[in-house]
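**Q** Task: produce atomic coordinates for the following.
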Amino acid sequence: MAQRSTLHADVVIIGFGAAGACAALEAAHAGARVVVLDRFGGGGASALSGGVVYAGGGTREQRAAGVSDSPEAMFAYLRQEVGDAVSERTLRRFCEGSTEMITWLAQHGVPFEGSLCPYKTSYPSNRHYLYYSGSEAAGGFRDVAPPAPRGHRTKGRGTSGKVLFNALAAAVRRAGVQVLTQTRATELVVDADGRVCAVECEQLRGTAAREHRVVSRVAAKPGLYVPKLARKLHRRAERLERRAEPLRIHADRAVIIAAGGFVSNREMMRRHAPAYRAGLPLGTQGDDGSGIRLGQSVGGVPDKLDRVSAWRFITPPSALLSGLLVDQRGSRIGDESRYGAAHGQAIVEEHGGRAWLLVDRDLRRRAKHQLRSQTVWFQRMQAEYLLATAATGDTVEAVARRAGVDPGHLQATVDAHNDAARAGKPDPAGKPADFVRPVDQPPYSLLDVSVRPSTAYPCPVLTLGGLRVDEDTGQVLDERGDPVAGLYAAGRSAVGICSNSYISGLSLADCVFSGRRAGVHSVKELSDADS
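**A** Alright, predicted model coming up:
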């Protein structure tokens, strides 16, 4: 058996995504010796993401775009989305510190730009980097607070999460943090006083580490879009991990768990969120719940593990917002201008996973015309697939029969919508007048937006729950609500701002917020004893 190596640090961080990187930067800035470890090469779901950070209150980018916003308006909107995931006091602190958060990220090399997207979309094209990333302008929400675009997309072509993470990773290394990749945390060590004091690890070296790095990188993307390929490559990575050598890293002050969620753990998904298993796991194989389980092994308590975000976007193209989102009975599912995760949740939890978008000839023509100007490559692929495979008919009843939707109910739904639209009355589902127009130009099409396994039109899912933490410090809590000495959690390993519902950019923003919080307070962990 290989002899175990030993390292010493003040703070040990498990997971090197956005949350782990932000925790490392704050702890290092406070003078701590920091070691970050990652089972793979770092980045995790953060690097695979769109790189959107939800921020407002008057950021530099908002001002550059001529957008008026305030922390109060941001709080009023988010209170509706966040619910009881965190206290009002914590949410206010998040909103009031939002502009400083964007400045802090920019100081560490993350590029942002105030180029405002002029249309509603799920993700802006490479010409725009500020957009309405949630339901701010949807019916019901615009009455709560003045709507403002708060989706700050990291500037970079394609999905720019890799740009955000690479900037943070470079800053971490400049700060003198020791980063150990291809290193897997297997156990938390607790001393005689009940304090988490070390992490037992398994570390790959040499040729095995290099091969593991390549295999896991391909498994993450394009493996994200081809789950069977990802699973095959991950099995190869697991075989390589049998050659790992033992390593213990002592933590003189604290351990921070920032190891992501559990969307890649099929057993945990089956136990906690079975209705969402048809979705495409949005994350890497490292999002296997191992961080949450490590926290549980020393007394930490998880919460909100049943909360999952399922993304069913109907835009771009923006013309599709004027369509009607219906279930198998032909009834409206809700305001089509709502954020895609709100649609996904409703489709999965209230409508058996089945849904269609009804459009007419004019909407279909406008949508096709907008394809090239409003989409990036994966959005264009999905929109073209939907339009090409849609059921069509010369009447509403005919298209309903072809799609398997109740014809009579769908006709009644269309009539109610069209009558209100022509009379200038409020839309029956609460959709703002900006997006309402009669759907009355045959032929009609029903675009199948059901939640089911599909390579061409996947439904990404993201777990939102994690370990309960003290909202002031990020310290993990036990079943009595007392802190677990020496242990913190951040990002999707912890309950946070987005643990009830998700809008684009809120998870990354929470990774920054909770990661920085844990990094700052982990260094203070033993300050009383030191003095």
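**Q** you'd agree Ala275 is up against Ile347?
**A** No. Contact criterion C-beta atoms under 8 Å: Ala275 and Ile347 do not qualify, at 10.2 Å. To be clear about C-beta, it is placed using only N, CA and C from the backbone, and glycine gets the same treatment.
**Q** who has more neighbours, these two?
**A** Neighbours were tallied for Ala275 and for Ile347 using other C-beta atoms under 10 Å; the higher tally belongs to Ile347 (23 against 16).
**Q** Assign a three-state SS to that one, would you?
**A** Under DSSP: H, G, I helix; E, B strand; the rest coil, Ile347 falls in the helix class.
**Q** Ignoring the adjacent residues along the chain, who's closest to it?
**A** Once flanking residues are discounted, Ile347 sits nearest to Ala355: 4.6 Å by C-beta to C-beta, 6 or more residues apart in numbering.
**Q** same thing with Pro281?
**A** Nearest to Pro281 is Val263, by C-beta to C-beta, 6+ apart, at 4.3 Å.
**Q** mind listing what that neighbour touches?
**A** 269, 281-283, 287, 308, 461-463 (C-beta atoms under 8 Å, 6 or more residues apart in numbering).
**Q** Let me have those residues in a markdown table, extended by pLDDT.
**A** A markdown table is the format used below for those (pLDDT from 0 to 100):
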| residue | pLDDT |
| --- | --- |
| Met269 | 96 |
| Pro281 | 87 |
| Leu282 | 87 |
| Gly283 | 87 |
| Asp287 | 93 |
| Val308 | 95 |
| Val461 | 93 |
| Leu462 | 94 |
| Thr463 | 97 |
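**Q** Highest neighbour count among the residues you listed?
**A** Thr463 (31 neighbours).
**Q** Wait, it touches Val308, no?
**A** Yes. If you go by C-beta under 8 Å, Thr463 and Val308 touch, sitting 5.5 Å apart.
**Q** shared neighbours, those two?
**A** Taking C-beta under 8 Å, 6+ apart as the criterion, Thr463 and Val308 both touch 263, 273.
**Q** What backbone torsions are found at the residue nearest to Pro281?
**A** Main-chain torsions, Val263, degrees, to the nearest 10: phi -70, psi -20.
**Q** Could you report the separation of it from Val218?
**A** 19 Å (C-beta to C-beta, to the nearest Å).
**Q** Let me know the secondary structure of the closest residue to Gln374 other than its chain neighbours.
**A** Leaving aside its sequence neighbours, Gln374 sits nearest to Pro316 (C-beta to C-beta, 6+ apart; 4.1 Å). When classified by three-state DSSP, Pro316 comes out as coil.
**Q** now do Val520
**A** helix.
**Q** Looking at per-residue confidence, what score does the nearest residue to it once chain neighbours are set aside get?
**A** Spatial nearest neighbour of Val520, excluding adjacent residues (C-beta to C-beta, 6+ apart): Glu26 at 4.9 Å. According to the prediction, Glu26 has pLDDT 98.
**Q** now do the one 5 residues further on
**A** The predicted local distance difference test score for Gly31 is 95.
**Q** and it, that one's in a helix?
**A** No. Going by three-state DSSP, the assignment for Gly31 is coil, not a helix.
**Q** Any idea how many residues pack against it?
**A** 9.
**Q** circling back to that earlier point, give me every residue that touches the residue nearest to Ile347.
**A** With C-beta under 8 Å, 6+ apart, Ala355 has these contacts: 312, 325-327, 333, 343, 347, 448-451.
**Q** Just the ones of those residues in strands?
**A** Here DSSP state E is the test, and these give 325-326, 448 as lying in strands.
**Q** Which residue in the residues you listed has the weakest pLDDT?
**A** The member of the ones in strands among the contacts of Ala355 with the lowest pLDDT is Asp448, at 95.
**Q** Burial check on the residue lying closest to it once chain neighbours are set aside, number of neighbours?
**A** Distances taken as C-beta to C-beta, 6+ apart place Trp356 nearest to Asp448, at 5.7 Å, with adjacent residues excluded. Residues within reach of Trp356, counting by other C-beta under 10 Å, total 27.
**Q** Most widely separated two among the contacts of Ala355?
**A** Val326 and Val451 (14.5 Å; C-beta to C-beta).
**Q** contacting residues around the residue nearest to Gln374?
**A** 119, 121-122, 370-371, 374-375, 379, 383.
**Q** Helices of the stretch 101-250 of the chain, residue ranges please.
**A** For the stretch 101-250 of the chain, the helices defined by DSSP state H, counting those that start in this stretch occupy 161-174, 206-220, 227-241.
**Q** Could you tell me which residues within the first one count as buried?
**A** Pointing back at helix 161-174 there. Within helix 161-174, the residues scored as buried using 16 or more other C-beta atoms under 10 Å are 161-169, 171-172.
**Q** what mean pLDDT does it have?
**A** 97.
**Q** Go ahead and name everything in contact with the helix or strand Leu446 falls within.
**A** Assigned by DSSP states H and E, Leu446 belongs to strand 444-448. Residues outside strand 444-448 that contact it (C-beta under 8 Å, 6+ apart): 320, 323, 326, 355-361, 364, 386-387, 389-396, 398-400, 402-403, 405.
**Q** returning to that earlier point: which one of the contacts of Ala355 is nearest Gly83?
**A** Of all those, Gly83 sits closest to His343, with 18.0 Å by C-beta to C-beta.
**Q** Mind pulling up the pLDDT for the closest one?
**A** 95.
**Q** And for Pro453?
**A** 77.
**Q** Kindly present the ones in strands among the contacts of Ala355 as a markdown table, with separate columns for neighbour count.
**A** A markdown table is the format used below for these (neighbours: other C-beta atoms under 10 Å):
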| residue | neighbour count |
| --- | --- |
| Leu325 | 27 |
| Val326 | 26 |
| Asp448 | 19 |
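**Q** May I have the secondary structure class of Ala19?
**A** With three-state DSSP as the criterion, Ala19 reads helix.
**Q** OK, contacts around the closest residue in space to it that isn't next to it in sequence?
**A** The shortest distance from Ala19 to any residue other than its chain neighbours is 2.9 Å, reached at Gly491 (C-beta to C-beta, 6+ apart). Neighbour list for Gly491: 15, 17-20, 258, 260, 466, 507, 510-511, 514-515 [criterion: C-beta under 8 Å, 6+ apart].
**Q** and which of these is nearest to Arg293?
**A** Gly466 (11.0 Å).
**Q** May I have the beta-bridge partners of the closest residue to the closest one other than its chain neighbours?
**A** In space, and not counting its chain neighbours, Gly466 is closest to Ala494: 4.3 Å by C-beta to C-beta, 6+ apart. Ala494 has the following beta-bridge partners by DSSP bridges: Leu467.
**Q** I'd like the distance between Ala494 and Gly465.
**A** 9 Å.
**Q** Please say which of those two ends up with more neighbours.
**A** Ala494 (33 against 25).
**Q** Would you agree that one is in contact with Asp470?
**A** No. With contact defined as C-beta under 8 Å, Ala494 does not count as touching Asp470 (10.2 Å).
**Q** what's the angle from the helix or strand hosting Val399 to strand 444-448?
**A** When elements are assigned from DSSP H and E, Val399 belongs to helix 396-403. Counting by axes from the mean of the first three to the mean of the last three C-alpha atoms, to 10 degrees, helix 396-403 lies at 30 degrees to strand 444-448.
**Q** need the next SSE after helix 396-403, C-terminal direction.
**A** Past helix 396-403, the next helix or strand by DSSP H and E is helix 407-423.
**Q** Am I right that Ala237 is in contact with Ala219?
**A** Yes. Between Ala237 and Ala219 there is a contact at 6.7 Å, judged by C-beta under 8 Å.
**Q** Run a quick neighbour tally on the closest residue in space to Phe435 that isn't next to it in sequence.
**A** Nearest residue to Phe435, sequence neighbours excluded (C-beta to C-beta, 6+ apart): Leu321, at 4.4 Å. A count of nearby residues for Leu321, using other C-beta under 10 Å, gives 25.
**Q** Quick check: Leu321 is in a strand.
**A** No. Going by three-state DSSP, the assignment for Leu321 is helix, not a strand.
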